[in-house]
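Peer 1: Fold the following, please.
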Amino acid sequence: MRFVRDNDPYNIRQEPSYIQQRPRRSRRFLFIGIALCVACLAVIGAIVLGVILVYGIRFRYRNPSQYLPSITCDVSHATCGCPGRPLTQKNSSSRIVGGQDAVENSWPWVVALTTAEDVLNLKTSLNPFCAGFIISDDIIITAAHCLKNVNSQRLRILTGVHDLRSFVPNSKNTYEVYSIISHEDYRVTPENIQLNDIALIKLRQKLSGINNRLCLPSTSSTFPKSKIIAVVVGWGKLQASSSRNSPTLQQLVLPIVSDNNAKCKQHVANSNIQFCAGHETLHVDSCAGDSGSPLMIVENNRYVAAGLVSYGNKQCDSSESPGIYTRISFYSQWINQTIKRF
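Peer 2: Below you'll find the predicted structure:
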């Protein structure tokens, strides 16, 4: 048994030298802990900020009623471009980010293009392949590519359609076609660009109960100007992967894109006859089934046909590349001359 001495190297009094080392280690662990906490907070903050930004944008555009160009007009006195009803309604459910169900009968000039077989064999829902819009009591404008290999005798034009599931065809809303005239220079380039993608349809009988049509623009190669807010409507697919169209008419607010936009220039062959529209940061766009639908802007307190849906990317995503629209103003003279040919 050993006695402890003051000069003994194993003397317990040497313990303070050990204790003196502990604050240094504690401070080091403290600094490491603080650094880890700061890093974790930074990561969590970035995630929260990302969620806020994403869902903030989605919320902003999920109910775009405040972005719809509003007008005040009297349908009973308007010759064109006056919506049949208010364009938005409370608690309107959103079908796509940036779009919403249209109010029934708010866009009275929009028509659905389908076949006689689709009408006759109606079981659960119509499935129109394109859309168009009324410019007179017996003339419809649509995209030329919609009418490729289409037999005019089997084509049917449906008016007053809102919900495809509840639409009941009858003699006052289903029309046969007298003649079709597509633009004589319509063609598709090797790059799959649609040129002169416009056509007129003349009905066999005048429209019944339709007291409004969409206004046509004046002749101008610069109409519409970039950054103007526009609205496009249609029954196209809600998702690019979907096999069927939207059951209800949709409306989507889009800005006109500059002709000098890099993504636009990649997909437009001639900016005189085409233009782009779409959100550069949002995954929204017109889609398959919307072809021939009008893209409209407000001018002189009336809705005017600025363009019609022509083509876009397969993902129906304007953030990848904007949608391409036929510039209606360029074809004003062609429209007037073609009507005289019927």
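
Peer 1: Check the residue nearest to Cys80 when sequence neighbours are not counted and give its pLDDT.
Peer 2: Excluding its sequence neighbours, the residue lying closest to Cys80 (CB to CB, 6 or more residues apart in numbering) is Cys215, at 4.0 Å. To be clear about C-beta, it is placed using only N, CA and C from the backbone, and glycine gets the same treatment. You'll see Cys215 listed with a pLDDT of 95.

Peer 1: mind checking how far Cys215 is from Val298?
Peer 2: 10 Å (CB to CB, to the nearest Å).

Peer 1: And for Ala230?
Peer 2: Taking CB to CB, one finds Ala230 at 9 Å from Val298.

Peer 1: higher neighbour count, these two?
Peer 2: More crowded of Ala230 and Val298, by other CB atoms under 10 Å: Ala230, with 22 against 18.

Peer 1: Mind listing what's buried along the strand or helix carrying that one?
Peer 2: Using DSSP states H and E, Ala230 falls within strand 229-234. Neighbour-count burial for strand 229-234, counted by 16 or more other CB atoms under 10 Å, picks out 229-234.

Peer 1: right, and the residue nearest to Cys80 touches Ala78 too?
Peer 2: No: if you go by CB atoms under 8 Å, Cys215 and Ala78 don't touch, sitting 9.2 Å apart.

Peer 1: Between these two, which contacts overlap?
Peer 2: Arg302 (CB atoms under 8 Å, 6 or more residues apart in numbering).

Peer 1: Quick check: end-to-end length of stretch 209-219?
Peer 2: 30 Å (CA to CA, to the nearest Å).

Peer 1: Tell me how many other residues surround the residue nearest to Asp259 when sequence neighbours are not counted.
Peer 2: Leaving aside its chain neighbours, Asp259 sits nearest to Ser271 (4.2 Å; criterion: CB to CB, 6+ apart). For Ser271, the tally of surrounding residues (other CB under 10 Å) stands at 17.

Peer 1: Surely Thr326 is within a strand?
Peer 2: Yes: looking at Thr326 with DSSP: H, G, I helix; E, B strand; the rest coil, it is inside a strand.

Peer 1: who's in contact with it?
Peer 2: Thr326 sits in contact with 143, 194, 196-198, 273-274, 307-308, 310, where contact means CB under 8 Å, 6+ apart.

Peer 1: Quick check: it vs Cys80, distance?
Peer 2: Distance from Thr326 to Cys80, by CB to CB: 19 Å.

Peer 1: cool, Leu295 as well?
Peer 2: 16 Å.

Peer 1: Compare the two (neighbour count), which wins?
Peer 2: Neighbours were counted for Leu295 and for Cys80 using other CB under 10 Å; Leu295 has more, 27 against 18.

Peer 1: Mind listing the strands the host helix or strand of the more buried one pairs with, and their directions?
Peer 2: Element membership for Leu295, per DSSP H and E: strand 294-299. Next to strand 294-299 in the sheet, as set by DSSP bridges, lie strand 229-234 (antiparallel), strand 302-311 (antiparallel).

Peer 1: Kindly reformat those as TSV containing mean pLDDT.
Peer 2: Converted to TSV, those look like this (pLDDT from 0 to 100):
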stretch	mean pLDDT
strand 229-234	90
strand 302-311	93
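
Peer 1: And those: which comes nearest Ser332?
Peer 2: strand 302-311 (10.3 Å; CB to CB).

Peer 1: In CSV, list the C-alpha atoms belonging to the strand holding Ala230.
Peer 2: Output of strand 229-234 as CSV, limited to C-alpha atoms (Å, rounded to 0.1, in the frame of the first residue of the first chain):
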residue,chain,number,x,y,z
ILE,A,229,-52.2,40.0,-70.9
ALA,A,230,-54.4,37.6,-72.9
VAL,A,231,-56.7,34.8,-72.2
VAL,A,232,-57.1,31.5,-74.0
VAL,A,233,-60.0,29.0,-73.6
GLY,A,234,-60.6,25.5,-74.7
